[in-house]
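# Okay, predicted coordinates and the sequence, questions at the end:
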Amino acid sequence: MSYTHQEVDYLRSHRPEISDVTAELALTRSSLVADTEVLRRHFGEYARAVTELVTARRSTIGKLPSDWLMCSESAQQSTPPTVAAVRARRIADHLGAGARVHDVTCSIGSELPQLTAVGLAVTGSDLDPVRVRMARVNTGSAVAVADALVPPLSPGAVDAVVADPARRAGGRRITRPDQLLPPLPELIAAHAGTPAAVKCAPGLDFSGWDGLVSVASVDGGVKEACLYSPQLGGGERREAVMISTKVGTGPRLDRITDLSGDGGGESLAGPPGRYIVDPDGAVVRSGLVRHYALREKLWMLDDRIAHLTGDRIPEGRTGFPFIEQVPLKKLKTVLRKHGCGALEILVRGVDIDPDKLRRNLKLAGDRPMSVVVTRIGSAGVALVCGPRADGVDRS
C-alpha cells in the first residue's frame, strides 16, 4: 500500500523519531495489535504510513539503504544493488563515463545511485507521482512524473534508457514480453534509436530478442533477466551473471557468456562422476549449462537435463558426493540401508513433489544425505549422495 503526498512529507520530516519509536517494536502478526496502539499514540493519523514504512524497510535489510522512503510493493520490486551495479558497469563500459542515462520506470530510485556511481549522468521518471516524490528524497537525482511510453526528454537527449516493466497482471506472472506493462515492443518503439536495458522476469520467452539476454543471480537465487540492445551487448547473445556476497572480500562476480545464443554442440552426457552438481539458476535460465560444464570440465547426466557431474566441485559452488544410482522404486530401501535420517531432495525432469516424496520415504536413521531425482534417457532415477559439500575456494 502506497502513501499520499502528505504522508511522504511526514515520513521524511519525522525520520529520526520514527526510527527511535519503532526500534523495539517486533511488528509481527502476534504483536501487531499492541504495536499498532503504540504507533497510534505516537503518530496519530500517520500510524498506518509509519507501519508500512518500517515493514518495508525490514523486508529489504541489506538490499536498500535503511533510511530510504519506500512502501512494501516498491521495496519488493526494487533491484538488489549488486545486480544494479553490474548493469550500470555494462552501460558505462559501452557508452563511456558521462553518458546520459534515463531510468523511465525509476519507482523509488533503487537503480539511480548505481548508475551515478560509475560516472553516468542520470535522470529518472515514473508514472506514479508518489514514488517520484520518494525517489527525489532517496537519491537527490532529477526525477519527473512521466509515462515510459511518452518520453519526457527530446529525441537524442539521452544515450540510453533503463526500464523495468511490470511483470504481473491480475495477480499472475506475465510470461511473454509483449504482455509486459508497458509491452516490450511498445517500450522499444517509444525510445527508437536509443540503446535500452530492460529488466524482466527470468522466465520470459526471449527468443525474439536480437540483443543480449543477461540473467543474474545473487548467492544462487535468480533475481532477474535484463534485455540489452545490441549496442550494449558487445556481440554477446546470452549471459549468466552469478554474484556471491557471502565472501569476506565483497561481492564476487562470475560470468558465463555465449556469442551465438544457441548453446549447440556434441553430446556431453556420461555416467555419474564423483560429484553431482546442480548449476546456479542463472546458468540454467540463460541456457548456458553446456558452456558452464565445458568451462568447469564437467559433463551432463542427460543432454536435456540441467544436472551436471564430474570429479570436482567448481570453486565457490556446492555439490553432492555421489554414492549410487538406483531406480525410484528402490529409493526407500536404499536410504534405509544407508541409515538416512535427514534428506535434501533435488528434482528436475521428473514429475515428483519433493515434500510428498519425503513423507513417503519415512526416514528413520541419523545420517544426513541427499538425493537427486532426475531423468536419464527415458527413465526417472534417483542419485543417492552424501550431504551437500563446498567446492574448494583457492582465491
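Thanks, I have it.
# So which residue is dead centre in the chain?
Lys223 (0.5 Å; CA atoms, centre = their mean).
# Does it touch Ser217 like I think?
Yes - with contact defined as CB atoms under 8 Å, Lys223 reaches Ser217; the gap is 6.2 Å. Backbone N, C-alpha and C define where each C-beta goes, glycine included.
# what's the distance between the residue nearest to the centre of the chain and Ala146?
Note on Lys223: its distance to Ala146, by CB to CB, to the nearest Å, is 26 Å.
# Also Gly310?
Distance, Gly310 to Ala146, by CB to CB: 51 Å.
# How far off centre is stretch 70-82?
Mean C-alpha position of stretch 70-82 versus that of the full chain (CA atoms, centre = their mean, to the nearest Å) differs by 12 Å.
# model confidence over that stretch, on average?
Averaging pLDDT along stretch 70-82 gives 92.
# Okay, buried residues for that stretch please.
Met70, Cys71, Ser72, Ser74, Ala75, Gln77, Ser78, Thr79, Pro80, Pro81, Thr82 (16 or more other CB atoms under 10 Å).
# which residues of the protein score low on pLDDT?
Within the chain, the stretches with pLDDT under 70 are 1, 169-171, 247-249, 259-264, 392-395.
# mind giving me the domain split of it?
5-59, 81-258, 275-390 (automatic domain parsing).
# Which among these is found nearest to Glu266?
With CB to CB as the measure, domain 275-390 is the member of the domains of the chain nearest Glu266 (9.3 Å).
# Just the endpoints, please. Distance across the closest one?
Taking CA to CA, to the nearest Å, domain 275-390 runs 11 Å from one end to the other.
# Could you pull out the helices in the stretch 251-395 of the chain for me?
281-285, 289-295, 331-337, 354-361 (DSSP state H, counting those that start in this stretch).
# ok, back up a step: and the residue nearest to the centre of the chain, how far from Ser229?
21 Å.
# Count the neighbours of Thr51 for me.
20 (other CB atoms under 10 Å).
# Strands of the stretch 1-150 of the chain, start to end?
100-103, 121-126, 142-145 (DSSP state E, counting those that start in this stretch).
# With distance to Ile61 and mean neighbour count added, can I get these in TSV?
Listed next are these as TSV, based on distance: least, CB to CB, whole Å; neighbours: other CB atoms under 10 Å:
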stretch	distance to Ile61	mean neighbour count
strand 100-103	24	24
strand 121-126	24	23
strand 142-145	25	18
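# Tell me how far Arg58 lies from Thr82.
Applying CB to CB to Arg58 and Thr82 gives a distance of 20 Å.
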